[in-house]
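Undergrad: build me a model:
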Amino acid sequence: MARSAGYVLLERVVKDESNPTAEELSAWAFEAGAMWPTEDWDLEVTRDERGAVILRLAVDPSCPSRNFFLRCLYRQGATR
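TA: Numbers count the residues shown, from 1 in each chain. The predicted structure follows:
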């Protein structure tokens, strides 16, 4: 099965898709056209310890993945 360019990019940027670091999330966020590795990756990313990086990327108007992080931010608020 051929992989898309977005998935190959993710493998290069994020080493463990179920536990990405803040640095990996930031690198992925600024890659235009980067794809989610799994359908529920927003659930993997949305954890309390990542709140600061999620907020920073969600409010950054220059972030190509801003909508993804807004979704994560809304998920965090909904679980409280």
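
Undergrad: the longest helix in this structure is where?
TA: Using DSSP state H, we find that the single longest helix of the chain is helix 66-78.

Undergrad: contacting residues for the most centrally placed residue in the chain?
TA: Compute the mean C-alpha point of the chain, and by CA atoms, centre = their mean the closest residue is L25, 5.2 Å away. Residues in contact with L25 (CB atoms under 8 Å, 6 or more residues apart in numbering) are 14, 45, 50, 53-54, 57. Placement of C-beta: from N, CA and C, glycine included.

Undergrad: farthest-apart pair in those residues, please.
TA: Within those, two members stand farthest from each other by CB to CB: V14 and I54, at 15.0 Å.

Undergrad: who has more neighbours, these two?
TA: Shown here are V14 and I54; by other CB atoms under 10 Å, I54 has more neighbours (25 against 21).

Undergrad: element containing the more buried one?
TA: When elements are assigned from DSSP states H and E, I54 belongs to helix 51-58.

Undergrad: which ones are touching C63?
TA: Taking CB under 8 Å, 6+ apart as the test, what C63 contacts is 29-30, 57, 69.

Undergrad: report the buried members of those residues.
TA: For the contacts of C63, a neighbour count by 16 or more other CB atoms under 10 Å gives the buried set as 29, 57, 69.

Undergrad: who's the closest spatial neighbour of the second one, skipping the chain neighbours?
TA: Going back to what we said before, that points to L57. Nearest non-adjacent residue to L57, counting by CB to CB, 6 or more residues apart in numbering: F69, 4.1 Å away.

Undergrad: my guess is that neighbour contacts A58. True?
TA: Yes. Here F69 reaches A58: they are 3.9 Å apart, a contact under CB atoms under 8 Å.
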